[in-house]
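[1] Fold the following for me, if possible:
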Amino acid sequence: MAKPLLSAQARYLRSLGHPLKPVIMVGAKGVTPALLAELTETLNHHELLKVKVSAGDRDLRDAWIAELLAGCDAALVQRIGNTALLYRRHPDNPQIVLPTR
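    Got it, this is the predicted structure:
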């Protein structure tokens, strides 16, 4: 499980994520192994990305976001409506330096 973010770190990541467009779209089939593999690869490359979840109700959307977080070991920075901002630090070469306080 990803380490929880401090409030200053989440605020910093939200500021970086604001101009981003959703890169991954979760559709009617939900969270599949292929989607998780693509999300993992994309997080390895970008570290911070937006995911758009097209689910009919809030409970299903929250469940899919939880599956995404567990499946790729990422942290949820923010969720607004159908869009979630995910962060996972690159293990070898991190590009985003988080504030420590």
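
[2] give the contact list for the residue nearest in space to the middle of the chain.
    By Cα atoms, centre = their mean, the chain has its centre lying nearest to L86, at 1.8 Å. Neighbouring residues of L86 by Cβ atoms under 8 Å, 6 or more residues apart in numbering: 39, 43, 48-51, 68-69, 72, 74-77. Where you see a C-beta, it was placed from the backbone N, CA and C, and this is true even at glycine.

[3] Please name the nearest non-neighbouring residue to it.
    In this structure, L86 finds its nearest non-sequential neighbour in A74, 4.4 Å apart by Cβ to Cβ, 6 or more residues apart in numbering.

[4] Tell me how many other residues crowd the one you found.
    Neighbour count for A74, taken as other Cβ atoms under 10 Å: 24.

[5] about what we covered before: relative to the whole chain's centre, how far out is the one helix or strand the residue nearest to the centre of the chain maps to?
    Using DSSP states H and E, L86 sits within strand 83-87. In terms of Cα atoms, centre = their mean, to the nearest Å, the centre of strand 83-87 is set 3 Å apart from its chain centre.

[6] Now the element after the one helix or strand R14 maps to, going C-ward?
    R14 is part of helix 7-17, with elements assigned from DSSP H and E. Following helix 7-17 in sequence order, the next helix or strand is strand 22-26 (DSSP H and E).

[7] List the buried residues in that following strand.
    Buried residues in strand 22-26, counted by 16 or more other Cβ atoms under 10 Å: 23-24, 26.

[8] so where's the chain shaky on pLDDT?
    Residue ranges of the chain with pLDDT under 70: 1-2.
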